[in-house]
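could you work out the structure for the sequence below:
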Amino acid sequence: MSDRGGISGVGLRALLAPRSIAVIGASRTPRTMGNQILTNLIQQGFAGAVYPVNPSAQWICSVRAYKTIGEVPDPVDMAVIVVPKELVPGVVAECGLKGVKGLIVISAGFREVGSAGAERETRLVEIVRKHNMRMVGPNCMGIINAAPGVSMNATFAPYMPPFGHAAFVSQSGALGVSVLDYAREYGIGISQFVSVGNKPDVSGNDLLEAWEHDPDVKVILMYVENFGNPAKFLTIASRITRTKPIIVVKAGRTKSGARAAISHTGALAASDTAVDALLTQAGVLRAGTIEELFDIAMAFSVPTLPRSRRTAVVTNAGGPGILAADAMEAAGLDLVALSPETVATIGPMLPGEAKVGNPLDLIASATPAGYRAAMAALLKDPAVDCVVPIFIPPLGVDQEAVAEAITEATRAQADKPVLAVLMGRKGLSEWRAEMHASGIPTFIFPESAARAIAALNRHREMAAVERETPDPLPVQHAAAADIITRAGYAGQPRLGAEDAFAVLRAYGIPSTGIRFAATHEAAVTAACEIGFPVVMKVVSTQIVHKTDVGGVALDIRNEHDAAEAHMRLVADVAQRAPDATIDGVLVQQQVKGGIETIVGATRDASFGPLVMFGLGGVYVEALHDVVFRIAPLTTRDARAMLAGVRGAAILDGVRGQPAVNRALLEEVLRRVSQLMSDFPAIAELDLNPVMAFADRVVAVDCRIVLSRPQPR
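Below is the predicted model:
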């Protein structure tokens with residue numbers, strides 16, 4: 001952004017590329033934030049005017065200081081505020097009167113400290129909006145723009161990172177210094193760095209929009225603790241990831257945040273599930289740690305993405321080659337067989353002990369010339385789309401020459417990416433940085449390279465997928481609305497079984513025939529009228545999982561069996577759940593054969609409705625083989641959910657069983673998605689099981705839980 005022209009986010013130019021900056025709270029005292037920020041701006045070459053503001057000093061760092069922002073004689077684009085929290089609102093108001101357009105509030109003591117701080121933050125935002133300003137913070141580290149035409153370090157980090165094409169937004173100020181340290185160590189150039197703090201005004205979504213068309217930003221890195229507006233993030237990120245990778249580290253992955261839930265779906269939707277669904281649907285790459293974030297970020301310095309997952313490894317030691325092979329396979333990469341031409345080219349160059357394969361083991365005596373020749377042959381192999389050279393420095397081998405040989409071979413065949421692994425510490429860190437600068441991301445361990453290559457391929461694959469808009473399906477909305485509204489007025493915590501199945505019919509979700517019977521005689525009559533075989537299930541508002549209390553009778557084949565099954569079922573439930581009131585039984589057609597699946601949905605307070613698919617039955621919670629997506633679903637979302645379960649191969653038929661009709665299952669997922677989107681009163685929904693066949697799908701059991709009952 002050498003001409004400051006790349007910033008396109010609404011109202012963020014004054015923050016990301018200001019022409020003049022006032023530091024309010026600038027200080028003469030070393031090792032204070034007010035002194036460090038001013039020093040950074042002056043000594044690290046900010047390409048604009050800097051105005052210290054301090055009521056008690058006339059000169060700071062040999063620069064004329066002013067008592068208030070109002071006394072500054074020239075226009076000020078941005079103010080960095082480092083004053084006690086009690087003074088911040090007044091200072092911000094003065095900035096508004098001065099015509100300042102951008103604010104960085106470093107000061108802490110706002111929402112993060114409790115209710116009193118939250119009230120202070122609310123007043124602060126009111127002032128900011130009154131004067132049409134944009135604010136980063138409060139409680140933040142500040143902003144860096146390393147572009148040569150800006151050269152702004154408006155943070156208290158003591159150094160400017162090298163300029164590059166990665167933009168980083170962090171929700172943690174304390175993490176910021178470590179992030180910049182990592183960037184320097186890994187040789188990753190930073191275009192812009194923003195610590196958003198409490199983000200009551202400028203958020204990560206605002207920065208994504210600003211960076212979307214910025215030519216200086218080619219990869220976006222994010223450290224996120226929460227998503228303030230997940231729906232907006234999904235829209236923006238889905239658009240950006242078509243052309244630029246977004247890599248996210250999300251804090252808080254444990255299940256401790258999962259709420260207590262009645263349904264299978266709610267219990268399975270742990271605190272991190274919605275985040276995974278959001279990032280997957282947006283095409284965002286997720287890193288588990290900051291180290292992994294930088295491994296992946298470094299990978300995107302390659303001049304071209306791999307055309308496929310077909311990868312070759314060349315090494316001078318067998319152990320790292322084996323580790324690399326294991327890591328590549330675990331990451332979903334394909335270690336292809338080398339072409340006969342490649343084997344014929346490489347074989348004569350190697351000693352007899354060397355192994356010509358993939359991984360290609362050059363053994364410990366490998367020379368720089370050997371690496372150069374092997375790299376050239378692998379890069380020319382039409383079966384190979386990415387090469388990973390691994391080098392461990394043995395005695396008597398010039399490691400500098402090996403690094404140069406790898407670099408030269410890569411430059412000669414620049415249409416395929418190379419990611420190197422230089423194992424060992426002494427003398428190699430400098431060469432890792434040199435190779436990285438040459439477009440060869442270089443790692444310490446094979447596992448890091450495998451993760452990085454997998455991320456490059458995931459980005460390529462996701463960017464190639466055309467984005468869809470969810471199309472509504474034909475449904476009987478009014479019929480479902482009548483049932484759900486009546487239940488809400490009656491204060492019901494969930495729909496009765498007959499009502500639940502009626503809602504399914506209204507939304508075109510195939511289900512079994514069902515009849516409620518309050519008495520023994522009615523149960524036997526219903527079984528005869530529905531047609532054998534049938535199933536009986538106990539109905540009780542106190543019983544959630546019927547099988548746990550003997551409340552399900554299967555494979556009832558005639559009238560006599562129906563009478564016996566009803567008596568046995570009532571007796572078993574009375575013994576195992578003596579405090580439960582039995583209202584009656586449901587009599588259903590029995591569905592035999594097929595593959596058991598589960599379709600469900602739950603409503604997250606921040607993310608909205610989440611739709612679930614998995615292998616169904618009583619083992620669903622034990623196996624946890626389920627996939628979630630955020631509603632509304634497209635056909636492609638539903639298709640990806642079916643493919644995303646670990647047991648997806650079961651859907652294609654095992655042991656002579658025919659494959660299920662995936663298109664019908666996908667339609668059920670979309671109809672559930674539409675139902676949840678149409679009715680916020682539905683908190684949770686379970687179709688467990690949904691029996692899938694080659695020609696049909698049938699929901700056998702249905703549970704619909706309502707939120708916030710509202711008695712009339």
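
which parts of the chain belong to which domain?
Domain ranges of the chain: 13-217, 303-464, 477-485+497-589, 595-706, per automatic domain parsing.

what pLDDT is listed against the spatially most central residue of the chain?
Centroid-nearest residue in the chain, with C-alpha atoms, centre = their mean: residue 279, separated by 3.0 Å. The model reports residue 279 with a pLDDT of 95.

surely it and residue 286 touch.
Yes - Residue 279 lies in contact with residue 286 (C-beta atoms under 8 Å); the separation is 5.0 Å. Every C-beta, even on glycine, is put in place using the N, C-alpha and C of the backbone.

which neighbours do those two share?
248, 250 (C-beta atoms under 8 Å, 6 or more residues apart in numbering).

so which of the domains of the chain is nearest residue 272?
When the domains of the chain are compared by C-beta to C-beta, domain 595-706 sits nearest residue 272, at 10.1 Å.

what are the boundaries of the strands in the stretch 401-550 of the chain?
For the stretch 401-550 of the chain, the strands defined by DSSP state E, counting those that start in this stretch occupy 420-422, 442-443, 514-517, 534-539.

not counting the first one itself, show me its contacts.
Going back to what we said before, that points to strand 420-422. Taking C-beta under 8 Å, 6+ apart as the rule, strand 420-422 contacts 320, 324, 388-391, 399, 403, 406, 428, 431-432, 435, 440-446, 448-449.

now intersect those with the helices, please.
320, 324, 399, 403, 406, 431, 432, 435, 446, 448, 449 (DSSP state H).

and the closest residue to residue 697 other than its chain neighbours, how many neighbours?
Nearest non-adjacent residue to residue 697, counting by C-beta to C-beta, 6 or more residues apart in numbering: residue 664, 4.6 Å away. Applying other C-beta atoms under 10 Å, we find 17 other residues in the vicinity of residue 664.

check what pLDDT residue 664 gets.
Note on residue 664: pLDDT of 97.

you'd agree it is up against residue 698?
No - if you go by C-beta under 8 Å, residue 664 and residue 698 don't touch, sitting 9.8 Å apart.

okay, and the common contacts of these two?
Taking C-beta under 8 Å, 6+ apart as the contact rule, residue 664 and residue 698 both touch residue 510.

phi, psi of the residue nearest to residue 697?
With angles defined as degrees, to the nearest 10, residue 664 sits at phi -70, psi -40.

contacting residues for it?
For residue 664, counting by C-beta under 8 Å, 6+ apart, the contacting residues are 510, 692, 696, 697.

next secondary structure after the worst-scoring helix or strand of the chain on mean pLDDT?
Ranked by mean pLDDT, DSSP states H and E, the helix or strand of the chain with the weakest confidence is helix 264-268, at a mean of 47. Later in the chain than helix 264-268, the nearest helix or strand by DSSP states H and E is helix 273-282.

which residues does that following helix contact?
In this structure, residues lying in contact with helix 273-282 by C-beta under 8 Å, 6+ apart are 227, 230, 233-234, 237-238, 241, 246, 248, 250, 253, 284-286, 604, 606-607, 610, 628-630, 637, 640.

which stretches of the stretch 601-712 of the chain form helices?
For the stretch 601-712 of the chain, the helices defined by DSSP state H, counting those that start in this stretch occupy 620-623, 635-644, 662-678.

distance to residue 414 for those - can I get that in JSON lines?
JSON lines is the format used below for the helices of the stretch 601-712 of the chain (distance: least, C-beta to C-beta, whole Å):
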{"stretch": "helix 620-623", "distance to residue 414": "46"}
{"stretch": "helix 635-644", "distance to residue 414": "34"}
{"stretch": "helix 662-678", "distance to residue 414": "41"}
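
give me the number of residues near residue 499?
By the criterion of other C-beta under 10 Å, residue 499 has 19 neighbours.

list the contacts for it?
Applying C-beta under 8 Å, 6+ apart, we find residue 499 in contact with 483, 487, 704.

and for residue 95?
Residue 95 neighbours (C-beta under 8 Å, 6+ apart): 22, 24, 69, 76, 79, 81, 103, 131, 133.

one more: residue 338?
Residue 338 sits next to 312, 346, 356, 357, 358, 360, 378, 381, 383, 384 when contact means C-beta under 8 Å, 6+ apart.

doesn't it belong to a helix?
No - membership of residue 338 in a helix is not supported by DSSP: H, G, I helix; E, B strand; the rest coil, which gives coil.

on that earlier part again, the contacts of residue 664: which two are farthest apart?
Largest separation among the contacts of residue 664 by C-beta to C-beta: 510 and 692, giving 10.5 Å.

who has more neighbours, those two?
Counted by other C-beta under 10 Å, residue 510 and residue 692 do not tie: residue 692 has more neighbours, with 24 against 16.

the more buried one touches residue 660, doesn't it?
Yes - with contact defined as C-beta under 8 Å, residue 692 counts as touching residue 660 (3.8 Å).

what touches both of those two?
594, 595, 651.

now for the residues you listed, which sits with the most neighbours around it?
Most neighbours among the shared contacts of residue 692 and residue 660, by other C-beta under 10 Å: residue 595, with 25 neighbours.

who touches that one in this structure?
Taking C-beta under 8 Å, 6+ apart, we find residue 595 in contact with 615, 650, 651, 657, 660, 691, 692, 693.

phi first, then psi, for it.
Phi and psi for residue 595, reported as degrees, to the nearest 10, are phi -120, psi 130.

how near is it to residue 615?
Computed as C-beta to C-beta, to the nearest Å, the residue 595 to residue 615 distance reads 8 Å.

any common contacting residues for the two?
residue 650.

got any ranges where the stretch 251-400 of the chain has weak pLDDT?
Along the stretch 251-400 of the chain, segments meeting pLDDT under 70 span 252-271, 395-396.

returning to that earlier point: pick the one among the contacts of residue 499 closest to residue 148.
When those are compared against residue 148 (criterion: C-beta to C-beta), the nearest one is residue 704, at 59.9 Å.

surely that closest one and residue 503 touch.
Yes - if you go by C-beta under 8 Å, residue 704 and residue 503 touch, sitting 6.4 Å apart.

which neighbours do these two share?
Common neighbours of residue 704 and residue 503 (C-beta under 8 Å, 6+ apart) are residue 495.

send the alpha carbons of stretch 598-610 over as PDB?
What follows is stretch 598-610, C-alpha atoms only, in PDB (Å, rounded to 0.1, in the frame of the first residue of the first chain):
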ATOM      1  CA  ILE A 598     -29.900 -39.300  12.600                       C
ATOM      2  CA  VAL A 599     -30.900 -35.800  11.500                       C
ATOM      3  CA  GLY A 600     -31.300 -33.100  14.000                       C
ATOM      4  CA  ALA A 601     -31.000 -29.400  14.800                       C
ATOM      5  CA  THR A 602     -30.300 -27.200  17.700                       C
ATOM      6  CA  ARG A 603     -30.400 -23.400  18.100                       C
ATOM      7  CA  ASP A 604     -27.200 -21.600  19.300                       C
ATOM      8  CA  ALA A 605     -27.600 -18.200  20.900                       C
ATOM      9  CA  SER A 606     -24.900 -16.600  18.700                       C
ATOM     10  CA  PHE A 607     -24.900 -18.700  15.500                       C
ATOM     11  CA  GLY A 608     -28.600 -19.500  15.100                       C
ATOM     12  CA  PRO A 609     -29.900 -22.900  14.000                       C
ATOM     13  CA  LEU A 610     -27.300 -25.700  13.600                       C
END
